[in-house]
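A.B. asks: Everything below, folded, please.
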Amino acid sequence: MTIKSPTPGQAIKKLTAGQSKSVAKVPGGGRIEARCHAGGVLLYWRHTDNGRTSRELIGPYDPKAPPESVKPKDGAYGWSIRAAEQAALAMLIAHQAQLEQGSTYRESKLAQQAAQQAAKEAKAILQTHTLKAMLEAYCDRLAERPGRSHSDARSMFTNHVLDAFPKVAKLPACNVTSEQIVTMLDRLREAGKARTSNKLRSYIGAAYQTALKAKRGGAIPVKFKAFKITHNPVTDTARDETADRDDKNPLSTEQMRLYWSLIKDLDGIKGVALRLHLLTGAPRIEQLVNARVEKVRDGYIELTDTKGRGSKSRLHAVALVGRALQDVQSLPMSGEWLLSTDGGETHIAATTLSGWAKDVAGELIPDFLAKRLRSGVETLLASKRVSSDVRGHIQSHGISGIQAKHYNAYNYMDEKIEALELLHMSLEPVANNVLRGAFKQA
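C.D. replies: Predicted coordinates for the structure are as follows:
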């Protein structure tokens, strides 16, 4: 009597958890192995190469699958033995092809899985590392510096990128195109805001450049690397050159004298702030209002200058001459901030000081803007033959060249004092020798 071998189905049915059994042969190499797990039976292609056994998962065995089915039917059943044989044969063919290339099916599969996982992770990173996230990270970096540049940039991004172009803001930062940025800039130019367009372009470009530099290390926070920036799209856009024309329109000497006559007798912090701004050579208002009590020295104030210096800043010594020195000495010197209306707890805003200046000028000086005082001071001093070098050191825009930046430690204080004395004398049309004597006694 001949004893029949159990069918694959019968053999699998007898398996208990943890057991495995070879249930079919794969033509060309290897066998189908069934392994019983707590959740059911899984089918594998098992094969040996150079004495090393490998087991590749095919899928769950389904006793209800049609015996002659060659692949599982979605949602209906799992793998039959016949279907497992076909799958194993496909694996064998792929394995033999990999052997010819010096690899194996397992190695190829693992490499493919690693690539898929890396692609999945990269996609997840891109979905969170959007243009919005990069601009916010850039603003956070600016906030580490003195001044209000971070506030200006944040407002610019909110109004002209995040609110105006929300879909672009949600794109991965590395996928934003120069054409999309041009659309943002065009929106402002067409609204007659060419200067704002140029400012937005500069801010976005700086954010991209920060992320681009992160690849080289240095002082850039590591988090910027995750944005995967390889190109700054802003470099492919153009500034609106019509908005770069000089519109400073400096005040004339007569207008400067008129302005001085309007502020020289003003009472309170308003008068002090406006006189201090003019008589110290019209420094940048943002820097002046951020003057700290602890930075008041004997005859000068140290302001923090960050203009045009990236993440660096430097101290700028502003000389105090005559009435400016008297005004500073009249302040309470309490709290942190020099120019304050609440005892030094907070400083007056730059817009407050410029607003006071505009209110004082009223209609007496046509088209008055506080920034015209800065160019007016330089123009007046130039007309009095004060050198461009000294003018530059007074207004903190004369630091240029390797020698000036790194080797020339001279502070030009004597020249600053002499030039500011000359400025005050020019604002007060009286005898120079009388006024100069008054300065030396102050």
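
A.B. asks: can I assume residue 138 is in contact with residue 205?
C.D. replies: No - with contact defined as C-beta atoms under 8 Å, residue 138 does not reach residue 205; the gap is 10.5 Å. No exception for glycine: its C-beta is placed from N, CA and C like everyone else's.

A.B. asks: Quick one, grab the pLDDT at residue 7.
C.D. replies: The score at residue 7 is 85. That number is its pLDDT.

A.B. asks: related to what we said a few turns ago, more neighbours: residue 138 and residue 205, which one.
C.D. replies: Neighbour count, other C-beta atoms under 10 Å: between residue 138 and residue 205, residue 138 has more, with 23 against 17.

A.B. asks: how far away is the closest residue to that one other than its chain neighbours from residue 325?
C.D. replies: Leaving aside its chain neighbours, residue 138 sits nearest to residue 207 (3.8 Å; criterion: C-beta to C-beta, 6 or more residues apart in numbering). Counting by C-beta to C-beta, to the nearest Å, the separation of residue 207 from residue 325 is 42 Å.

A.B. asks: Between those two, tell me which one has more neighbours.
C.D. replies: Counted by other C-beta under 10 Å, residue 207 and residue 325 do not tie: residue 207 has more neighbours, with 27 against 19.

A.B. asks: for the helix or strand hosting that one, what is the average pLDDT?
C.D. replies: Assessed by DSSP states H and E, residue 207 sits inside helix 194-213. Taken as a whole, helix 194-213 has an average pLDDT of 92.

A.B. asks: Give me the buried positions along it.
C.D. replies: Residues 194-201, 203-212 are the ones in helix 194-213 that count as buried (16 or more other C-beta atoms under 10 Å).

A.B. asks: repeat for stretch 17-24
C.D. replies: 20-21, 23-24.

A.B. asks: cool, stretch 31-44 as well?
C.D. replies: For stretch 31-44, by 16+ other C-beta under 10 Å, it's 31-36, 41-44.

A.B. asks: quick one: which two of these are the most distant?
C.D. replies: Farthest apart among the buried residues of stretch 31-44 by C-beta to C-beta are 31 and 36. That separation is 16.4 Å.

A.B. asks: Please tell me how far the residue positioned nearest the centre of the chain sits from residue 234.
C.D. replies: Nearest to the centroid of the C-alpha atoms of the chain, with distances taken as C-alpha atoms, centre = their mean, sits residue 138, at 2.0 Å. As judged by C-beta to C-beta, residue 138 and residue 234 stand 12 Å apart.

A.B. asks: what ranges do the helices span in the stretch 301-442 of the chain?
C.D. replies: 323-330, 350-361, 371-383, 388-395, 401-402, 413-427, 432-441 (DSSP state H, counting those that start in this stretch).

A.B. asks: With respect to residue 49, which of the ones you listed lies nearest?
C.D. replies: helix 401-402 (66.5 Å).

A.B. asks: Could you verify that residue 59 is part of a strand?
C.D. replies: Yes - assigned with DSSP: H, G, I helix; E, B strand; the rest coil, residue 59 falls within a strand.

A.B. asks: bridging residues for the nearest residue to it once chain neighbours are set aside?
C.D. replies: Using C-beta to C-beta, 6+ apart and skipping residues adjacent in sequence, the residue nearest residue 59 is residue 79, 4.6 Å away. Counting by DSSP bridges, residue 79 is bridged to residue 61.

A.B. asks: just checking, residue 86 touches residue 72?
C.D. replies: No - using C-beta under 8 Å, residue 86 is not in contact with residue 72, being 10.9 Å away.

A.B. asks: who's more crowded, those two?
C.D. replies: A direct count of neighbours by other C-beta under 10 Å for residue 86 and residue 72 places residue 72 higher, at 19 against 16.

A.B. asks: hang on, isn't the more buried one packed against residue 65?
C.D. replies: Yes - the criterion here is C-beta under 8 Å, and residue 72 meets it with residue 65 at 7.1 Å.

A.B. asks: shared neighbours of the two, anything?
C.D. replies: Counting by C-beta atoms under 8 Å, 6 or more residues apart in numbering, the residues touching both residue 72 and residue 65 are 78-79, 83.

A.B. asks: out of the residues you listed, who's nearest residue 190?
C.D. replies: residue 78 (62.1 Å).
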